[in-house]
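[1] Requesting a structural model of the entry that follows:
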Amino acid sequence: MANVLLAFPNLTDGSTLSGGGWQVPLTNLQDRRIARVARTTDCTAGNTQFTADFGKDRKLQVVAIVSHNMSTQGQWRVLMGDDPAFATTKYDSGWMIAWPVLYPYGALEWEDDNWWERTIAEDDRAGYPGILINLLPSIVLARYVKVMFSDAANPAGYLQFGRLFLSPGWQPATNMSYGATLGWETDTAVKRSLGGTPYFDHKAPRRVEKFSLDLLSDVEAKTQVFEMQRKLGTDGELLVAWDPGDAMNLMRQSFVGRLRTLNPITAALWNINSNAFEIEETS
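    Sure thing, here's the model as predicted:
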């Protein structure tokens with residue numbers, strides 16, 4: 001299991017977005033309200049791309065797009081560099097599938113439509129909290145990021161995306177302690193009629209991760225965790241990847257959220273500190 005990855009701050013809002021063809025503005029990718037989507041005019045290659053310009057080199061290790069409508073045949077690609085034409089690049093992800101394998105052999109029935117590919121079923125795709133996520137092996141310094149999509153046969157006739165997340169990342173030297181939890185919470189309210197019939201005010205569930213880093217060095221505790229809390233508070237964005245090395249579950253276990261509480265750093269022993277995290281998915 002790879003050590004948990006925490007990515008912050010989101011540099012998207014300080015960039016200039018351009019390129020592609022959009023019937024709903026591309027700048028909606030810079031709106032934290034995920035429901036305010038950016039939507040392409042069609043599915044042609046020229047219209048399904050965009051470039052982010054930071055104005056100067058920035059440290060980047062995570063590229064993610066929260067909430068998308070790409071089909072199970074869709075692909076995407078990330079380029080980074082200091083050349084706006086990308087004649088030369090500092091990073092090229094190559095074409096990546098939008099919906100990776102989500103099920104191990106034997107987990108699906110022969111009759112399931114997705115038995116062969118073992119990715120998400122087409123019927124489930126619309127309601128799934130999908131995320132396009134590219135975790136680079138190390139930090140890249142680049143001024144420009146270009147994201148391209150290939151999904152010409154998308155049944156919607158357009159591509160749609162929620163929040164864009166561009167950020168450096170941090171992994172602690174020692175992973176989270178045993179006892180960490182990952183689960184769903186919901187604000188769905190239940191009321192009963194006089195006859196006892198339940199009625200529901202449905203709210204979409206959200207993911208919550210709770211874990212503790214109990215072997216933080218003084219450097220990690222002060223320059224990473226302490227500074228992260230100062231910068232983010234309980235309203236700032238961060239991206240958490242529970243296990244970056246688990247490709248099959250990366251989508252399930254990764255999301256953009258916020259620190260629900262700011263827990264103090266505890267000095268356990270000389271040069272050993274601990275801190276508890278509680279991260280709630282934002283929507």
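[2] Helices along the stretch 51-200 of the chain, start to end?
    Chain-ordered helices for the stretch 51-200 of the chain, with DSSP state H, counting those that start in this stretch as the definition, fall at 122-125.
[3] Which parts of it are strands?
    Ranges of strands within the stretch 51-200 of the chain are 75-81, 91-92, 96-97, 131-150, 160-161, 164-167, 169-170, 181-185, 189-192, 198-201, based on DSSP state E, counting those that start in this stretch.
[4] what's the most buried one of those?
    By mean neighbour count, with neighbours taken as mean count of other C-beta atoms under 10 Å, strand 164-167 ranks first of those at a mean of 25. All C-beta atoms are positioned from the backbone trio N, CA, C, and that covers glycine.
[5] Kindly export it (C-alpha atoms) in PDB.
    Output of strand 164-167 as PDB, limited to C-alpha atoms (Å, rounded to 0.1, in the frame of the first residue of the first chain):
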ATOM      1  CA  LEU A 164     -10.500  21.300 -12.200                       C
ATOM      2  CA  PHE A 165      -7.700  20.500  -9.600                       C
ATOM      3  CA  LEU A 166      -4.100  21.300 -10.400                       C
ATOM      4  CA  SER A 167      -1.700  21.000  -7.500                       C
END
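[6] Export the strands of the stretch 51-200 of the chain to a markdown table and append columns for distance to E278.
    Conversion of those to a markdown table gives the following (distance: least, C-beta to C-beta, whole Å):
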| stretch | distance to E278 |
| --- | --- |
| strand 75-81 | 30 |
| strand 91-92 | 33 |
| strand 96-97 | 31 |
| strand 131-150 | 20 |
| strand 160-161 | 28 |
| strand 164-167 | 20 |
| strand 169-170 | 18 |
| strand 181-185 | 10 |
| strand 189-192 | 23 |
| strand 198-201 | 25 |
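[7] Let me have those strands in TSV, extended by distance to Y105 and mean pLDDT.
    Output for these, formatted as TSV (distance: least, C-beta to C-beta, whole Å; pLDDT from 0 to 100):
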stretch	distance to Y105	mean pLDDT
strand 75-81	23	98
strand 91-92	31	97
strand 96-97	18	95
strand 131-150	24	96
strand 160-161	32	96
strand 164-167	32	98
strand 169-170	31	96
strand 181-185	23	95
strand 189-192	38	90
strand 198-201	36	90
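[8] Identify whichever of the ones you listed lies nearest to L239.
    strand 164-167 (5.5 Å; C-beta to C-beta).
[9] Okay, buried residues for stretch 27-45 please.
    Counting neighbours by 16 or more other C-beta atoms under 10 Å, one finds that the buried residues in stretch 27-45 are N28, L29, Q30, D31, R32, I34, V37, A38, R39, T40, T41, C43.
[10] Please determine how far the fifth one is located from I139.
    For R32, the distance to I139 under the criterion C-beta to C-beta, to the nearest Å works out to 24 Å.
[11] sorry, back to before: just checking: the least confident one among the buried residues of stretch 27-45 is which?
    Comparing pLDDT over the buried residues of stretch 27-45, the lowest score belongs to I34 (91).
[12] Do I have it right that it meets T282?
    Yes: I34 is in contact with T282 according to C-beta atoms under 8 Å; the separation is 7.4 Å.
[13] contacting residues for Y144?
    Contact criterion C-beta atoms under 8 Å, 6 or more residues apart in numbering gives T51, A52, D53, F54, L79, M80, G81, D82, D83, P84, F86 as the residues in contact with Y144.
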